[in-house]
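**Student:** Sequence first, then the predicted structure, then my questions.
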Amino acid sequence: MVNRILSAGALALALLTAPALANEADVYTLYRNSVKDSNARVHIATFDSNGGNAYNRESCQLVADLLQLQPGIQTIFWCEAGRVRR
């Protein structure tokens, strides 16, 4: 049973670290600012599945909205088209 759980975990990790499958025009990136610097751009996640533009955009926005709704959050979360930019 433990080996099966470890195997499932290893598979999940491999899938999460697999190369991007999306067309570059379909990629969205989630950022947040900082309590100390409202102009900061802190990379949170990149959504680059092969599900297409709408899927990646909606997934990114859903995560941004869920993070923003957490009690006590003082930062702002947002999505931008494309891969991470510093």
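**Tutor:** It's in. Nothing here was measured: the structure is a model prediction, and the numbers come from that model. Numbering: from 1, shown residues only.
**Student:** Please identify the buried residues of stretch 27-40?
**Tutor:** 27-33 (16 or more other CB atoms under 10 Å). Placement of C-beta: from N, CA and C, glycine included.
**Student:** neighbours of Leu67, just the number please.
**Tutor:** Around Leu67 there are 16 other residues, counting by other CB atoms under 10 Å.
**Student:** That one belongs to a strand?
**Tutor:** No: in this structure, Leu67 is helix, not part of a strand, as judged by DSSP: H, G, I helix; E, B strand; the rest coil.
**Student:** thought it was touching Trp78?
**Tutor:** No: counting by CB atoms under 8 Å, Trp78 is not a contact partner of Leu67; they are 10.3 Å apart.
**Student:** okay, the buried residues of stretch 27-40 in a markdown table with pLDDT next?
**Tutor:** Shown next, in a markdown table, are the buried residues of stretch 27-40 (pLDDT from 0 to 100):
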| residue | pLDDT |
| --- | --- |
| Val27 | 98 |
| Tyr28 | 98 |
| Thr29 | 98 |
| Leu30 | 98 |
| Tyr31 | 98 |
| Arg32 | 98 |
| Asn33 | 98 |
